[in-house]
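A.B. asks: Test case, fold it:
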Amino acid sequence: DSDFVYEEIYNFCFEISTHRHGCCVIQKAFDVSKPSQRKSIIEQIAKKALGMMQDQFGNYVVQYIIDRTTPEESKDIFGSLVGNVVFLSMQKFSSNVVEKCLEKGPGEMKVKYIRELSEANNM
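C.D. replies: Reported below is the predicted structural model:
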């Protein structure tokens, strides 16, 4: 039974996702997870999404989850960008996540992102 692995993923999601090899472990675990485990992984990533987006390895995990979920499943991840789009779009790693969210996010989120970008004074 793999429940102990998922328990560790829930408890140390940020630490695992921002590690060179851990980011691959999270992605593989997500791919083979049961629906309840999958939901918990998404929730843990959404809680730490802002920090993960700015990390050289964590940003790949966030993009991976966005690519493999529905907009409804990832709504909290999409929501975490609101109010931070300008800052995140100017960072090396998080700018890739902003691009992914503009590509895959629900329409109402895209409108918020574009509004934030167009109203920015420091760009």
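
A.B. asks: Next, Q91: secondary structure please.
C.D. replies: coil (DSSP: H, G, I helix; E, B strand; the rest coil).

A.B. asks: Hmm, Q54 and it touching each other?
C.D. replies: Yes. Q91 lies in contact with Q54 (Cβ atoms under 8 Å); the separation is 5.7 Å. To be clear about C-beta, it is placed using only N, CA and C from the backbone, and glycine gets the same treatment.

A.B. asks: Return the helix or strand in the protein with minimum mean pLDDT.
C.D. replies: Taking mean pLDDT, DSSP states H and E as the measure, the helix or strand of the chain with the lowest value is helix 3-11, at a mean of 92.

A.B. asks: Show residues contacting the helix or strand just after that helix.
C.D. replies: From helix 3-11 onward toward the C-terminus, using DSSP states H and E, the following helix or strand is helix 13-17. The contact list for helix 13-17 (Cβ atoms under 8 Å, 6 or more residues apart in numbering) reads 8-9, 22-23, 25-26, 41, 44-45, 47-48, 51-52, 55, 57-58, 61.

A.B. asks: how does it look with 6 Å?
C.D. replies: Residues from elsewhere that reach helix 13-17, judged by Cβ atoms under 6 Å, 6 or more residues apart in numbering: G22, C23, I26, Q44, K48, M52, G58, V61.
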